[in-house]
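1. Next come a sequence and a model predicted from it.
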Amino acid sequence: MNDSPPPSPPDVPHVVSLGGGFGAILLYKRLAGAIRRQELRLTIIDRNNYVCFHGLVPELLTGKLQPGNILNPSRTIFRRAQFRNGEIEKIDLEKKEILFTRALDGKEFRVNYDHLILDLGSKINLNLFPGASEHTFRLKAFADIMEVRQHILTMLELADIERDPVELERLLNFVVAGGNFAGVEVASELVAALPEIARSRYPNIDVARIRVTLVHSQAKVLPELGKNFPGLQEYAERTLRQYPNMRIATNCRLASATSEEALLSNGEHISTRTIISCTGTTSSPLLDQLPFARTDTGRLVMDEFCRVQGQTNIWAGGDCAAVPRRDGSHTPALAIWALTTGSQIGRNIRRTLAGRPLKPFRFGGLGDACTLGRKRAVAHMRGFPMRGQLGYWAWRSVVILYIPSWEKKLRLILDWFIVPLFGGDVVNMNVHKPVGVARAMYEPGQDIVREGDVGQSLFIIRKGEVEVLKQQPDGSSLAVATLGPGDHFGEVAVFRRIRRTATVRAKTRVDLLHVRREIALALSESKTDIGASLSAPPESN
């Protein structure tokens, strides 16, 4: 059976959706009949050729789900539409034209529209605190999710062989920033699953040393529930505090992140190599190209029909659109609201083409759910509160309901049956190659390299100052040099293949370029000023 989109007459209206997320799924379903009848054409453009179901990310991180099972292929979901896999670069309102490029070589493609849907989502805000972009993990893009999964498994592998108690503490401390739904789900899944994984797969890890710290800026987690469902909020926090390996740090936020520490706004330092950020998003930079009104949070101001305010053929939904609700508030940036705004856009486009009056957006919400580990959750459906296992099974039922592919529904159910029998998957694929050059940040007093350690990289100072320390026979440290912007250090160990000859410590907050050994060697062999500088290291470094 051929399900590819049928050829459409060139003169029928062309609907273009920028983004193929949850909003586009129900948009397509509302327009599928019109596409089949050749009443319109639909083109969907997205950088990914899949839709990621983020509600299942915590279980993927601990190996309970196979990675591909939370992805649904766009070409299966949108089989009667034209799907274009590319990066959206420019929106030309005057020409009604979209410019997008392919990842291979940046080759440009253009498509014209009669109706435009903006389903651009949001992106992680990496400017919330120093070190956010360099030293925190995010869970927005699927590649980031997989990186976190592999990192967590790497920490367990390293902890199984580590004997230094200071380093062991860093390896087994996991910090999650954000006491919202996403942060609580990730933290509770880690604190419930990691001790079980360690007991069954990593015999040398003392389970009592595993620590998950949930950092939240308010007095209680899940503030989304506090107003209307305080009982659910209390149950959730009580459940989290019952985990022996869980700590909740409230009324504070992450102030800074480095490769070895999380610094909190209350002055506390947490030794860790794992900081997962589940808070702070910002709007898509594509919206900055458009002259439309925005809210204080950067979302597009919409009318009650899901059109951009003042426009008749430009629509928006999901995270990037602030659609008004009957109570005067705006639609939350959650998947269920993206789905329902997409559905309403599809209905109203059909009404527009038929010359019929538009219908206002009237969805009042289905409910919310937040898993708490060990088959427990808090949830409310149409105002009815549920907790514990009842809330958990209600959440799972909704998940299955909204998964768009029957194949993926069945695969998820199989995963849920298999894990209790055989345990989670702890295969560490290590698919991400180390980055040759990366930025790094350290706070005052933190060691960047330590005397005696094996050296695999060198550092170039961008901002700030460091001091070079030599250990003395009596065990004390003597400062032998101070380095600043433009200086470099760590090259003695890299080029001579010896252990570090000195400790380098941040004197101020310092912004560095971290250059791995193979890149440093390649630069030293090049006939450039940088290569010459790096290949002639000063003795003090």
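-> Now that the structure is in, tell me what you want to look at. None of the values given here were measured: they were computed from a predicted structure.
2. Okay, buried residues for stretch 161-176 please.
-> For stretch 161-176, the neighbour count (16 or more other C-beta atoms under 10 Å) marks 162, 168-176 as buried. No exception for glycine: its C-beta is placed from N, CA and C like everyone else's.
3. Need phi/psi at Val212.
-> Main-chain torsions, Val212, degrees, to the nearest 10: phi -120, psi 120.
4. pLDDT at it, what is it?
-> For Val212, the pLDDT comes out at 98.
5. you'd agree it is up against Ala187?
-> Yes. With contact defined as C-beta atoms under 8 Å, Val212 counts as touching Ala187 (5.4 Å).
6. So those two - more neighbours on which side?
-> Ala187 (32 against 26; other C-beta atoms under 10 Å).
7. The helix or strand containing the more buried one packs against which elements?
-> Using DSSP states H and E, Ala187 maps to helix 181-201. If contacts are counted by 3 or more C-beta pairs under 8 Å, 6 or more residues apart in numbering; DSSP states H and E, helix 181-201 sits against helix 57-61, helix 142-161, strand 173-177, strand 211-215, helix 230-241, strand 246-249, strand 367-373.
8. And those, which one averages the lowest pLDDT?
-> Ranked on mean pLDDT, the bottom entry among those is strand 367-373, at a mean of 92.
9. Direction included, what does it pair up with?
-> strand 376-381 (antiparallel) (DSSP bridges).
10. quick one: contacts of the helix or strand just after the partner strand?
-> Reading on from strand 376-381 to the C-terminus, the next helix or strand found by DSSP H and E is strand 384-387. The contact list for strand 384-387, computed with C-beta atoms under 8 Å, 6 or more residues apart in numbering, reads 229, 231-232, 235, 367, 376-380, 394.
11. Tell me the most packed of those residues, by neighbour count.
-> Ranking these using other C-beta under 10 Å puts Val378 first, with 29 neighbours.
12. Which residues are in contact with the closest residue to that one other than its chain neighbours?
-> Nearest non-adjacent residue to Val378, counting by C-beta to C-beta, 6 or more residues apart in numbering: Leu232, 4.2 Å away. Neighbouring residues of Leu232 by C-beta under 8 Å, 6+ apart: 222, 225, 378-380, 385, 387.
13. which helices and strands does the helix or strand hosting Arg411 pack with?
-> Using DSSP H and E, Arg411 falls within helix 406-422. Contacting helix 406-422 under the criterion 3+ C-beta pairs under 8 Å, 6+ apart are the following elements: helix 388-402.
14. what mean pLDDT would you report for the helix it packs on?
-> Averaging pLDDT along helix 388-402 gives 91.
15. Could you do stretch 524-541 as well?
-> Averaging pLDDT along stretch 524-541 gives 57.
16. what about Arg497, neighbour count?
-> For Arg497, the count of nearby residues is 10 (other C-beta under 10 Å).
17. wait, Ser122
-> 18.
18. before we move on, back to that, mind listing what the helix or strand just after the helix holding Arg411 pairs with, with the direction of each?
-> On the C-terminal side of helix 406-422, the closest following helix or strand by DSSP H and E is strand 437-442. Sheet pairing of strand 437-442 (DSSP bridges) gives strand 510-516 (antiparallel).
19. follow-up on the earlier one: reformat the contacts of strand 384-387 as CSV; add distance to Gly23.
-> Formatted as CSV, the contacts of strand 384-387 follow (distance: C-beta to C-beta, whole Å):
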residue, distance to Gly23
Phe229, 26
Gly231, 32
Leu232, 28
Tyr235, 32
Gly367, 19
Arg376, 30
Ala377, 25
Val378, 26
Ala379, 23
His380, 23
Ala394, 24
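20. Out of the residues you listed, which is nearest to Phe100?
-> Among these, Gly367 lies closest to Phe100 (C-beta to C-beta), at 36.4 Å.
21. Now that closest one. Nearest residue, chain neighbours left out?
-> Closest residue to Gly367 apart from its sequence neighbours, by C-beta to C-beta, 6+ apart: Met381 at 4.0 Å.
22. residue contacts, the one you found?
-> Residues near Met381 by C-beta under 8 Å, 6+ apart: 366-367, 394, 398.
23. Most widely separated two among those residues?
-> The two members of these with the most space between them (C-beta to C-beta) are Leu366 and Ala394, at 10.9 Å.
24. Buried residues, stretch 372-391. List them.
-> The neighbour-count check on stretch 372-391 (16+ other C-beta under 10 Å) flags 372-374, 376-381, 385-388, 391 as buried.
25. how far is it from where the chain is centred?
-> Distance of stretch 372-391 from its chain centroid, counting by C-alpha atoms, centre = their mean, to the nearest Å, is 25 Å.
26. Quick check, Glu185 in contact with Thr371.
-> Yes. Taking contacts as C-beta under 8 Å, Glu185 lies within contact range of Thr371: 5.1 Å.
27. what touches both of the two?
-> Contact criterion C-beta under 8 Å, 6+ apart; residues shared by Glu185 and Thr371: Pro58.
28. Now do the strands in the stretch 201-350 of the chain.
-> Residue ranges of the strands in the stretch 201-350 of the chain, as given by DSSP state E, counting those that start in this stretch, are 211-215, 246-249, 254-257, 261-264, 269-271, 274-277, 281-283, 300-301, 314-316, 321-322.
29. Neighbouring strands of the third one in the sheet, and parallel or not?
-> When pairing is defined by DSSP bridges, strand 254-257 lines up against strand 261-264 (antiparallel).
30. Over to the first one?
-> Strand 211-215 has the following strand partners under DSSP bridges: strand 173-177 (parallel), strand 246-249 (parallel).
31. who's in contact with it?
-> If you take C-beta under 8 Å, 6+ apart as the criterion, strand 211-215 is touched by 172-179, 183-184, 187, 190-191, 194, 221, 240, 243, 245-249, 252-254, 262, 264, 270, 272.
32. Of those, keep whichever come out buried.
-> If we count by 16+ other C-beta under 10 Å, the contacts of strand 211-215 have these buried: 172-179, 183-184, 187, 190-191, 194, 221, 240, 243, 245-249, 253-254, 262, 264, 270, 272.
33. Glu443 against Lys507, yeah?
-> No. Between Glu443 and Lys507 there is no contact under C-beta under 8 Å: 10.6 Å.
34. higher neighbour count, the two?
-> Between Glu443 and Lys507, counting by other C-beta under 10 Å, Glu443 is the more crowded of the two (20 against 17).
35. which residues are common contacts for Val212 and Ala187?
-> Common contacts of Val212 and Ala187 (C-beta under 8 Å, 6+ apart): 176, 246.
36. For Arg84, name its beta-bridge partners.
-> Note on Arg84: beta-bridge partners by DSSP bridges are Ile45.
37. Wait, it touches Val111, no?
-> Yes. Judged on C-beta under 8 Å, Arg84 makes contact with Val111 at a distance of 7.2 Å.
38. overlap in contacts of the two?
-> Counting by C-beta under 8 Å, 6+ apart, the residues touching both Arg84 and Val111 are 43, 45, 100.
39. so where is the stretch 1-150 of the chain shaky, pLDDT-wise?
-> Applying pLDDT under 70 to the stretch 1-150 of the chain picks out residues 1-10.
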